[in-house]
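**Q** What follows is a predicted structure for the sequence shown.
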Amino acid sequence: MSQVLILIYSFFLMKIFRLLAILASINIAVSWNCAGHMISVQIALNLLGEKFVNTHIKPLLNQPGLFVVYDNILQNSCWSDIIARSPELYTLDWHFVNIPLHREEGRDIPLQRPYNYQKINIIWAIDMAIKVLTGNSHQFTKEFMLRYLIHMLGDITQPLHSVSLFGADFPNGDKGGNLFNVYFNGKSSALHHLWDDGFNEFPFINFPISSEDSEKIQKMAEKFQNEYGKEFNLFSMNFDAENIAWESYDIASKFVYAGLEKDSQISEKYVKKAKESIRKRVVATGCYLAFALKEIFQSDGAKLLEIMEKRV
């Protein structure tokens, strides 16, 4: 997508600022969909340090009026979900990539790379965000795409944002577990929702975020970093949106769906392992985000752009 088209999108976005202002003035109750994103952003902030954040990030996120109440860095991690289904700027397809996983006679058969993805997908969107942030785009467009990059890196590390299960029960795919219902705590829930919700792992957050909730997020970020941070080396990360998507697909094919049947009861063993996997992916998101932002704002994104060129 050309930068001209992005600017046109930005123009249409102006039409919904009034609607966003109304939405932002309401206390919006959200679960992991936002809390998990916030924790990963807090991990990135911890890794980047206050000086970097004040110099490079806050100037793009704290413009008054443009993005209403979402000038708080943590809240920016959730902003793109609010507008994803906007008729003026429909960006829902930016949040996932449907890589098929086929189930035949009770056996899951994972796909191998390369794969011809749908034209508009989360890999494409992350690439576009990086190009905008490292290019000569209008300031408004950069503010817009930074918010999306922050959110999309959280989505792409969630295993069910990179897969769709096909089989007798789902001839047209299960839409990343959104149609695959299982029982958890006595209730039938979509598998995707349970992973988004962290199986009740994350705190309940209200908008606008309070100082008390910010403290909760910081404590959980520090806890997760202490548990899993050593698994990720910020200075030698293999950052590539396509690779991250396939990491998630690998987790989905080898664990998320493995041995799980539609409308079955989720076991305690599965929940325990799922929570551990979710915590690791949240930490991975924070590390990927910190790495990408350092590359974008300190090295003009040279390494990231080179990776994209090689992939094409």
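**A** That came through fine.

**Q** Can you show me the helices along the stretch 51-200 of the chain?
**A** Using DSSP state H, counting those that start in this stretch, the helices of the stretch 51-200 of the chain run over 58-61, 73-83, 122-134, 139-156, 191-196.

**Q** Make CSV from the ones you listed and add distance to Tyr257 and mean neighbour count to it.
**A** Glycine gets a C-beta too; all of them are placed from N, C-alpha and C. Below are these laid out as CSV (distance: least, C-beta to C-beta, whole Å; neighbours: other C-beta atoms under 10 Å):
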stretch, distance to Tyr257, mean neighbour count
helix 58-61, 37, 16
helix 73-83, 24, 23
helix 122-134, 19, 23
helix 139-156, 18, 23
helix 191-196, 8, 23
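
**Q** TSV please, covering the ones you listed and showing mean pLDDT and distance to Ile209.
**A** Shown next, in TSV, are these (pLDDT from 0 to 100; distance: least, C-beta to C-beta, whole Å):
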stretch	mean pLDDT	distance to Ile209
helix 58-61	83	14
helix 73-83	80	6
helix 122-134	96	23
helix 139-156	91	15
helix 191-196	96	18
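
**Q** want to throw those into TSV with distance to Met308?
**A** Conversion of the helices of the stretch 51-200 of the chain to TSV gives the following (distance: least, C-beta to C-beta, whole Å):
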stretch	distance to Met308
helix 58-61	21
helix 73-83	21
helix 122-134	5
helix 139-156	14
helix 191-196	28
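
**Q** Out of those helices, the one nearest Val97 is which?
**A** Comparison of the helices of the stretch 51-200 of the chain against Val97 by C-beta to C-beta identifies helix 122-134 as nearest, at 5.1 Å.

**Q** Identify the residues contacting the closest one?
**A** Residues outside helix 122-134 that contact it (C-beta atoms under 8 Å, 6 or more residues apart in numbering) are 1, 3, 6, 91, 94-97, 117, 141-142, 145-146, 148-149, 152-153, 155-156, 161-162, 241-242, 245, 292, 296, 300-301, 304-305, 308.

**Q** can you give me the helices for the stretch 201-312 of the chain?
**A** 211-228, 241-251, 268-298, 302-311.

**Q** So which other helices or strands are in contact with the second one?
**A** The reference is to helix 241-251. Contacts defined by 3 or more C-beta pairs under 8 Å, 6 or more residues apart in numbering; DSSP states H and E place helix 241-251 against helix 122-134, helix 139-156, helix 268-298.

**Q** residue ranges with poor pLDDT in the stretch 101-250 of the chain?
**A** The stretch 101-250 of the chain contains residues with pLDDT under 70 at 234-236.

**Q** at 90 instead, please
**A** Counting by pLDDT under 90, the low-confidence segments of the stretch 101-250 of the chain come to 105-106, 114, 118-119, 137-141, 143-144, 147, 201-210, 229-239.

**Q** Distance to Gly135 and mean neighbour count added to the helices of the stretch 201-312 of the chain, as a markdown table?
**A** Below are the helices of the stretch 201-312 of the chain laid out as a markdown table (distance: least, C-beta to C-beta, whole Å; neighbours: other C-beta under 10 Å):
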| stretch | distance to Gly135 | mean neighbour count |
| --- | --- | --- |
| helix 211-228 | 31 | 16 |
| helix 241-251 | 17 | 21 |
| helix 268-298 | 10 | 20 |
| helix 302-311 | 10 | 14 |
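
**Q** In TSV: the ones you listed, plus distance to Leu260.
**A** Shown next, in TSV, are these (distance: least, C-beta to C-beta, whole Å):
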stretch	distance to Leu260
helix 211-228	24
helix 241-251	13
helix 268-298	7
helix 302-311	32
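
**Q** can you tell which of those helices is closest to Asp108?
**A** When these are compared by C-beta to C-beta, helix 241-251 sits nearest Asp108, at 11.5 Å.

**Q** Alright, I will stop here.
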